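Student: fold the following.
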Amino acid sequence: MASVSSKENYRCVQALQQFYTGGPFAVSSDGSFLACACNDVIKIVDSSNSSIKSTIEGDSEPITALALSPDDNILFSASHSRQIRVWDLSSFKCLRSWKGHDGPVMGMACDASGGLLATAGADRKVLVWDIDGGFCTHFFKGHKGVVTSIMFHPDHNRLILFSGSDDATIRVWDLVSKKCIGTLDKHFSTVTSMAVSEDGWTLLSSGRDKVVNLWDLHDYGCKITVPTYEVLEAVCVIPSASVYASCLDLYKRQCRKKSGSSTIYFLTVGERGIVRLWNSEGAVCLFEQMTSDVTVSSNEPELKRGFTAAVMLPFDQGLLCVTADQQFFFYSLTEGSDGYLKLILSKRLVGYNEEIVDMKFLGEDERFLAVATSVEQVRVYDLASMSCSYVLAGHTDIVLCLDTCISSSGRTLIVTGSKDNTVRLWDTEVTCCIGVGVGHMGAVGAVAFSKKRQNFFVSGCSDRTLKVWSLETLSDGKENTNLKAKAVIAAHDKDINTLAIAPNDSYVCSGSQDRTACVWRLPDLVSVVVLRGHKRGIWSVEFSPVDQCVMTASGDKTIKIWNISDGSCLKTFEGHTSSVFRASFLTRGTQFVSCGADGLVKLWRVKDNECVATYDQHEDKVWALAVGKKTEMLATGGSDAFINLWHDSTASDKEEVHREEEEGVLKGQELENAVCDADYTKAIQIAFELRRPHKLFELFAELCRKMDAEVQMDNALCDLGTEEFRLLLEYIREWNTKPKLCYIAQFVLFRVFNIIPPTEILQIRGIGELLEGLIPYCQRHFSRMDRLERSTFLLDYTLMGMSVIEPDTEEREGKNMPPMQSDRRVAKEAPLVETAHKEPIETCGELNVRVASKKRKSHRSGELMYKKVKGADCTEVSAISSQA
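Tutor: Numbers count the residues shown, from 1 in each chain. Below is the predicted model:
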């Protein structure tokens, strides 16, 4: 068997995380991104793959309203703090903020010109703001309840504002006269949504009174009331140029229905979770979904079911509907083969996942991921777009575990265990339940498919029993077939947490809260061995793909590998700081990966018990771990509702290192060539690229020895960028700490500060920390130089006291003396010159006598002193004689 290279590193290439917790959201004008409220932050989400482009931190209060400017460059937000903020989406910085309402802001709208912002508040007020100035331009009062919705007239030439309230009225405000010009009061409950027709003269409004009213904006009268018989949350006008309108026109012609020139197509969504398309003429429903795509939990109240909002996307991108359980549905309308209209769910983005408890890869190519969260449904994600492809609904309580396999007939099957005491078998092709297993007396916490024959699966329950279920009784095309248990056994003293079946289907291993793992022979569940040694409950078991051993992960923070034949513990792995929830073999059993309550994912090598790598990409417990059988791609999920995907990057990392080494060799040779050519500017640039501070110091030291050191240094430093200057200051900080290197460091630092203006120095990243490291050592160096200079004064004083040198007092006095005094001194010195000329021999003799009288200490030192003094005085006298 060919050897398999071990894995050294995994890279997190894509992650799915929560981005919407309900409430306000805004769609960009081109439909490319969404701005969603996620508790107290705003997340900018790519609508194509639900990836989070940016996160805008709020003020720790839940977001209540969001709106985008027409050009999508400005985002407006409001929270429970009543603070209105304006965000620049290019830099994600807050441009300005203000308060204006006495209660939370419930709705926002920006006019078509982008210069005005209207806000609706719980204080029953409607305010209009100048965006650039941040001041209030209009103040409207009149509603008797909370203002829930607000919108400008789409024609920017008509300065009209509409507001809807829970007092069942709609008010029309004229921004020119600053008055209410119309009150529309045909609703009997809260007004939830408003829309204006394409011609701008018809207003549509929906409410929780289960009707849609069409209003004539000429006289503000109600033209028609459309009963919908469901609580409505949104109404949208369908543009005449859209694919939806074209399909509806074609459908009407086929049905031989006439349509007038003033026909308005619109759609409604509400509590039933279905989309309906309407014609304003005759209040006819042209299309209605047969079944809802919204999965409803059995324990959810009526108000939390169905759709909460709908938006027609631009450029014929379809319809976007938002559900009460924080999902975004993207619909497209087509005509079916039978001639009837069909609304196709093209994409589903899940804004909020509950705690992720289990997950498995699907299919042979492993392009899908089945995820069990703290809800009754199983969500299947497409890994390419990270959108939810479909949902498996049928359980009446939380799904706790799942497993997948490909049957002998080629069907991809999923088995799930739930708190409703049942196991269910699902066919992914028809996305429905094909088998139900009833018989457990508690929550089913573990399931495992057969690995070889794929004709049975095993379930473990909190009633401490194991059951073997046969798939032979399944019939094609029949749903909810009752599954039969082939074998049952009371396996443990406490809840069963995990199950694993051997690769050859001969054994099944169960792990329990009773701190033991038991190996059973299949299919009759005969006990083989009991594995004892853990000090806490066992959360995960798995058979080795090549050896007769089993691996267990426990709440005692350890992972153990056991021999099946005698139940002895072969190895123990320690490293996690909390309970270990999952562990799975990799690389043909030579490695394994684990995750636990400490939020860490660890990669281990079995041979030497070494932890190869540790990853910290989760913020809470990691409950779920899935390993691809072919690709060995990893998927992890946990209490933080994150799903992280991991790819083996060992080969790519080695290639990257090899490529960097080759580039380093070539650059090193180029550096040596530049040094030989005395091209110090190029050499310094290459040394920065290679991150070689020692070579850089050698180059600077060489430059300091040049005659034109300052010029060449300035030429070399002028070509550096901001990042290079930051690196240079880091190197200087290190050199400055060493006495042997500080002189070069100080010279380079002096040239740097001469070249860069102070304003640019302040822009260098981390300049404060760099200066904090430079200043103390610079002060120490200058203090040392000061001490040395003062020491030279003592030396001068000593030598003058020994008459080795004479003080330059006369010269200094001459330099410091004013001109008048210097002239007087010259006049006084003239007779002295004449005296010196008359008696040169006597002066020299007197000096010789004076010098000879100092020969008391040492004969040798006296001779030296005599020679120096004699030579100096004789020279002085001879000079005076020559002048005379």
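
Student: use CA for all of it now, contacts and neighbours both
Tutor: OK.

Student: all strands for the stretch 401-550 of the chain, in order.
Tutor: Along the stretch 401-550 of the chain, counting by DSSP state E, counting those that start in this stretch, strands occupy 412-418, 422-427, 432-438, 444-449, 456-461, 465-470, 481-482, 484-490, 496-501, 507-512, 516-521, 526-532, 538-543, 549-554.

Student: those strands: which one's closest to residue 318?
Tutor: Nearest to residue 318, of all the strands of the stretch 401-550 of the chain, is strand 432-438, at 26.8 Å by CA to CA.

Student: neighbouring contacts of the closest one?
Tutor: 392-394, 421-427, 469, 474, 478-485 (CA atoms under 8 Å, 6 or more residues apart in numbering).

Student: please pick the buried ones from the residues you listed.
Tutor: Burial by neighbour count, 16 or more other CA atoms under 10 Å: within the contacts of strand 432-438 this picks out 392-394, 421-427, 469, 474, 479-481, 483-485.

Student: quick check, distance from stretch 563-577 to the centre of its chain.
Tutor: Relative to the mean C-alpha coordinate of its chain, stretch 563-577 is positioned 37 Å out (CA atoms, centre = their mean, to the nearest Å).

Student: CA atoms of that stretch as PDB?
Tutor: The C-alpha trace of stretch 563-577 is given here as PDB (Å, rounded to 0.1, in the frame of the first residue of the first chain):
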ATOM      1  CA  ASN A 563      -7.400  -2.400  21.600                       C
ATOM      2  CA  ILE A 564     -10.600  -4.200  20.700                       C
ATOM      3  CA  SER A 565      -9.200  -7.700  21.400                       C
ATOM      4  CA  ASP A 566      -8.400  -7.200  25.100                       C
ATOM      5  CA  GLY A 567      -9.900  -3.700  25.900                       C
ATOM      6  CA  SER A 568      -6.500  -2.300  26.900                       C
ATOM      7  CA  CYS A 569      -5.700   1.400  26.400                       C
ATOM      8  CA  LEU A 570      -3.000   1.900  23.800                       C
ATOM      9  CA  LYS A 571      -2.600   5.600  23.900                       C
ATOM     10  CA  THR A 572      -3.900   8.700  25.700                       C
ATOM     11  CA  PHE A 573      -3.800  12.200  24.200                       C
ATOM     12  CA  GLU A 574      -4.000  15.300  26.400                       C
ATOM     13  CA  GLY A 575      -4.100  18.900  25.200                       C
ATOM     14  CA  HIS A 576      -7.700  20.100  25.300                       C
ATOM     15  CA  THR A 577      -8.600  22.300  28.300                       C
END
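
Student: buried sites along it?
Tutor: In stretch 563-577, counting by 16+ other CA under 10 Å, buried: 563, 564, 567, 568, 569, 573, 576.

Student: low-scoring pLDDT stretches of the stretch 401-550 of the chain, where are they?
Tutor: Within the stretch 401-550 of the chain, the segments meeting pLDDT under 70 span 475-477.

Student: what's the burial count for the nearest residue to residue 89 once chain neighbours are set aside?
Tutor: Using CA to CA, 6 or more residues apart in numbering and skipping residues adjacent in sequence, the residue nearest residue 89 is residue 73, 5.4 Å away. Residue 73: 14 surrounding residues under other CA atoms under 10 Å.

Student: which residue is the nearest non-sequential neighbour of residue 695?
Tutor: Leaving aside its sequence neighbours, residue 695 sits nearest to residue 687 (CA to CA, 6+ apart; 6.7 Å).

Student: picking up where we left off before, contacts only, for the residue nearest to residue 89.
Tutor: Counting by CA under 8 Å, 6+ apart, residue 73 touches 88, 89, 90.

Student: and the last one, its phi and psi?
Tutor: Geometry field for residue 90 lists phi and psi as phi -80, psi -40, criterion degrees, to the nearest 10.

Student: just residue 743 next, same as before
Tutor: Per-residue torsions, residue 743: phi -70, psi -40 (degrees, to the nearest 10).

Student: what is the neighbour count of the closest residue to it other than its chain neighbours?
Tutor: Residue nearest to residue 743 in three dimensions, not counting chain neighbours: residue 736, with 8.0 Å by CA to CA, 6+ apart. Neighbour count of residue 736, defined by other CA under 10 Å: 24.

Student: now swap in residue 536 and tell me
Tutor: Neighbour count for residue 536, taken as other CA under 10 Å: 18.

Student: backbone phi and psi for it, please?
Tutor: Per-residue torsions, residue 536: phi -140, psi 180 (degrees, to the nearest 10).

Student: so what's it up against?
Tutor: The neighbours of residue 536, taking CA under 8 Å, 6+ apart as the test, are 513, 514, 515, 554, 555, 556.

Student: can you rerun that using 7 Å?
Tutor: 515, 554, 555, 556 (CA atoms under 7 Å, 6 or more residues apart in numbering).

Student: and it, how close does it get to residue 653?
Tutor: The gap separating residue 536 from residue 653 is 38 Å, by CA to CA, to the nearest Å.

Student: one more: residue 771?
Tutor: Residue 771 is 36 Å from residue 653, by CA to CA.

Student: sorry, back to before: ok so the residue nearest to residue 695 is a helix residue?
Tutor: Yes: the assignment for residue 687 (DSSP: H, G, I helix; E, B strand; the rest coil) places it in a helix.

Student: tally of neighbours for it?
Tutor: 20.

Student: that one contacts residue 696, correct?
Tutor: Yes: taking CA atoms under 7 Å as the definition, residue 687 is a contact partner of residue 696 at 5.9 Å.

Student: could you dump the helix or strand where residue 372 lies to PDB, C-alpha only?
Tutor: Per DSSP states H and E, residue 372 falls inside strand 368-373. Coordinates of each C-alpha in strand 368-373 appear next as PDB, following Å, rounded to 0.1, in the frame of the first residue of the first chain:
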ATOM      1  CA  PHE A 368     -23.600  19.200   0.300                       C
ATOM      2  CA  LEU A 369     -23.700  19.400   4.000                       C
ATOM      3  CA  ALA A 370     -26.600  18.200   6.200                       C
ATOM      4  CA  VAL A 371     -26.800  20.200   9.400                       C
ATOM      5  CA  ALA A 372     -28.800  19.600  12.600                       C
ATOM      6  CA  THR A 373     -29.500  22.600  14.700                       C
END
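
Student: contact partners for the nearest residue in space to residue 167 that is not next to it in sequence?
Tutor: Closest residue in space to residue 167, ignoring its immediate chain neighbours: residue 145 at 5.0 Å, by CA to CA, 6+ apart. Contact analysis of residue 145 by CA under 7 Å, 6+ apart lists 124, 165, 166, 167.
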